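Novice: How does the following fold in three dimensions:
(4 chains)
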2 protein chains.
Amino acid sequence: MTGNKKRIRIRDIADHLDVSTATVSRALNPNTEHMIRKEVVAGIKDAARELGYIPSPIATALRTDRTYTVGVAVPDILNPVFPPIINGIQDHLHQNGYLTLIVNTNNDQRVALDEIRRLITRQVDGFILANAFLDDISVRECLLREIPMVLVNRSIKNGNLVHQVLSDDEFGIELAINHLAELGHVRLLHLAGPPNILHGKQRLKIFRQLCRKNKIQDEYMVMDAFSIDAGARGAQQFLQQQSKATAILAGNDLMAVGAMDTLRNAGVSVPEEISVVGFNDMPLSDMLRPALTTISIPHMEFGNQAARLLLQVIESPDISRQLVLLTPKLVIRESTAKCRSR
Amino acid sequence: MTGNKKRIRIRDIADHLDVSTATVSRALNPNTEHMIRKEVVAGIKDAARELGYIPSPIATALRTDRTYTVGVAVPDILNPVFPPIINGIQDHLHQNGYLTLIVNTNNDQRVALDEIRRLITRQVDGFILANAFLDDISVRECLLREIPMVLVNRSIKNGNLVHQVLSDDEFGIELAINHLAELGHVRLLHLAGPPNILHGKQRLKIFRQLCRKNKIQDEYMVMDAFSIDAGARGAQQFLQQQSKATAILAGNDLMAVGAMDTLRNAGVSVPEEISVVGFNDMPLSDMLRPALTTISIPHMEFGNQAARLLLQVIESPDISRQLVLLTPKLVIRESTAKCRSR
DNA sequence: CTGTTAGCGCTTTCAT
DNA sequence: ATGAAAGCGCTAACAG
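Specialist: Numbering: from 1, shown residues only, chains lettered A, B, ... in the order given. Predicted coordinates for the structure are as follows:
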């Protein structure tokens, strides 16, 4: 009913108080507020409130080249690990006045690059990438253009080029292997993720090292995705090969889910015949039957830290490279049990 | 290495070819391209490519008041139903050159309103809201400000005021009740969601109607959330009350998960002793044990349709109100079985 | 068909 | 401490 159509601009406030637009602008900006007499500032703020002034972020962006938005790329929003990470990122960014632009890349580097470029065109102030491959063209692009960026959860081969927030995989896998060893398992199978992704390659490497160190027989299969389907295929192969392993360490929870499903369909019971350990402790992993024993990473904290780091980088682009390593923990549930050698 | 610092603007192309900026602008805009001689257009496009011209969406937005961004609000990104809906939305919007701004409102109307206002400040062209309460202040705000908006999955009391993409709950619940009736269940319990949300109120109402019509004993509990926890509490109450119901129709899958967990912990087996039906067919519901029988809604399609509708509304704001009703289907898995009266 | 010109709303020299 | 004025990059009257 109130035909309150017109947007209030700085000009309106200025006219209203008979000062210049420059003065209004300065009074309303915390960084320049000190340049203006206190009383004047107060008057301007009052008028702004009174008139219902809302600054135009677009005009500001055009003028200052800062948009207060950051782009976030995830490989697969359907993977339950990512929503909590996104949540953590948004929480922190939001509190600091930033907007979050989320894009889903479907695990495809080309798609990712396209999206990243679109966001660059939109002038985002920086990126948080959760979708990095070991050799990643999007990361390279950002590096080249010197756009503030932090990698979360995944990273690139040459990690010292970038800021990163990662889980301490070595520690995580050690937890898993110790747990399994204590249960009497001496022959383990690792369902590894794709070798072009950090966790795929690194977890496998650590797995093999630690097995050797602990005198445990190590088997492994390198799968082509961190998905339920890949886990299922891995388990199928495992059954066909008549492997002697008594426990499976999956590359992530989704793979664990797929593996358990296949084992169950084949009449192999978990954990009685085979123990399964996942990685991530994604939401709902406690609601599976058997509930999944897994290496838990602090999802939200991942997001928070990544956001915090990025804002730091945006403020001081030349800050030295940072690596934040978050410590995982073992969550023992129902999918692991004492080894009953077969 | 290429010190390619400077952004190429329309001005640069114009100078390069000795035409005016207006001509360049027109040549590069599909809607005005026809005003310019073909050869000139070609020349301009070539030069643009050659010089690496990237238009500034910010300048365009300032000038035209169109940002080609839309805001999407979800009540809880951790609920697995929403990621696929978001996916569907983004797919469609992206194809049409729009950017998606996703905000998570934690089921809180105040938070939602704040977020919506922030996005309005950022000049989004429209909203897709998946978080509506029956009486929703954010929806009211958008209505008041006449901002293009479509509601998806949830709606408001006075639905004819808004564009909506919803599931046909009546049909869905009918499917569920028929299924249960065929299995011999004559006493059903509905775990209803909060009555201030469409699905909470509506599904309960339909449930009661259809039970009456089918001569089925209806029981129900009204819970305060569509969450695992609420489902668990509902099941607890169910056990304490020593209800005679032999099947539970949960308000959504999360509630079903919580209920099944509680039943299992109490030593009540699903589906042997109690059948459970969910609603939504969220990702992973097929990986639960027992795998969840549920009413499946086409998540992606929800998103697609909502996006399609919104773009339509943005183009023609005065289009008549639309309601898109998507048909659910019953997915029978392991959580329902023949009634063995207790 | 094309050019001239005037802004969109804001910040920031430069001057006073 | 404040104001005048220029301009970020683009589009859209208006004029020819």
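Novice: Enumerate the positions of stretch A:229-242 that are buried.
Specialist: Neighbour counts using 16 or more other Cβ atoms under 10 Å in any protein chain shown place A:230-236, A:238 of stretch A:229-242 among the buried residues. All C-beta spots, glycine's among them, are computed from the backbone N, C-alpha and C.
Novice: starting at the chain centroid, how far to it?
Specialist: Taking the mean of its C-alpha atoms, stretch A:229-242 sits 28 Å from the chain's own mean (Cα atoms, centre = their mean, to the nearest Å).
Novice: circling back: farthest pair within the buried residues of stretch A:229-242?
Specialist: Greatest spatial distance among the buried residues of stretch A:229-242 (Cβ to Cβ): A:A230 and A:F238, at 12.5 Å.
Novice: So which residues lie in contact with stretch A:208-228, not counting its own?
Specialist: Among residues not part of stretch A:208-228, those counted as contacts by Cβ atoms under 8 Å, 6 or more residues apart in numbering or on different chains are A:79, A:107, A:173-174, A:177-178, A:181, A:185-195, A:197, A:199-200, A:204, A:207, A:230-231, A:233-234, A:237-238, A:243-245, A:251-252, A:254-255, A:257-258, A:261, B:287.
Novice: make it 6 Å
Specialist: Residues from elsewhere that reach stretch A:208-228 (Cβ atoms under 6 Å, 6 or more residues apart in numbering or on different chains): A:174, A:177, A:181, A:186-195, A:204, A:230, A:234, A:243, A:245, A:251-252, A:254, A:257-258.
Novice: Please enumerate the strands of the stretch 201-342 of chain A.
Specialist: A:217-222, A:247-250, A:275-280, A:293-296, A:323-326, A:329-331 (DSSP state E, counting those that start in this stretch).
Novice: Quick one: these as a markdown table, columns for mean neighbour count too.
Specialist: Below are those laid out as a markdown table (neighbours: other Cβ atoms under 10 Å in any protein chain shown):
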| stretch | mean neighbour count |
| --- | --- |
| strand A:217-222 | 18 |
| strand A:247-250 | 31 |
| strand A:275-280 | 28 |
| strand A:293-296 | 26 |
| strand A:323-326 | 16 |
| strand A:329-331 | 16 |
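Novice: Dump the ones you listed to a markdown table, plus distance to DNA strand D and mean pLDDT.
Specialist: Formatted as a markdown table, the strands of the stretch 201-342 of chain A follow (distance: least, Cβ to the nearest atom of the strand, whole Å; pLDDT from 0 to 100):
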| stretch | distance to DNA strand D | mean pLDDT |
| --- | --- | --- |
| strand A:217-222 | 47 | 97 |
| strand A:247-250 | 49 | 98 |
| strand A:275-280 | 43 | 98 |
| strand A:293-296 | 47 | 98 |
| strand A:323-326 | 35 | 97 |
| strand A:329-331 | 49 | 98 |
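Novice: Contacts only, for A:T294.
Specialist: A:253, A:278, A:281, A:285, A:331.
Novice: how close does the residue lying closest to it once chain neighbours are set aside get to A:L180?
Specialist: Once flanking residues are discounted, A:T294 sits nearest to A:G278: 3.7 Å by Cβ to Cβ, 6 or more residues apart in numbering or on different chains. Plainly put, A:G278 is 13 Å away from A:L180 if you go by Cβ to Cβ, to the nearest Å.
Novice: Look up the closest residue to A:T23, ignoring the ones flanking it.
Specialist: A:I36 (6.0 Å).
Novice: just checking, the one you found touches A:R26?
Specialist: Yes - contact criterion Cβ atoms under 6 Å: A:I36 and A:R26 qualify, at 5.3 Å.
Novice: Hmm, A:P328 and A:I295 touching each other?
Specialist: Yes - in terms of Cβ under 6 Å, A:I295 counts as a neighbour of A:P328; the distance is 4.8 Å.
Novice: Common neighbours of the two, please.
Specialist: Joint contacts of A:I295 and A:P328 (Cβ under 6 Å, 6+ apart) are A:G172.
Novice: of the buried residues of stretch A:229-242, closest to DNA strand D?
Specialist: Nearest to DNA strand D out of the buried residues of stretch A:229-242 is A:A230 (Cβ to the nearest atom of the strand; 44.0 Å).
Novice: I appreciate the help and will end here.
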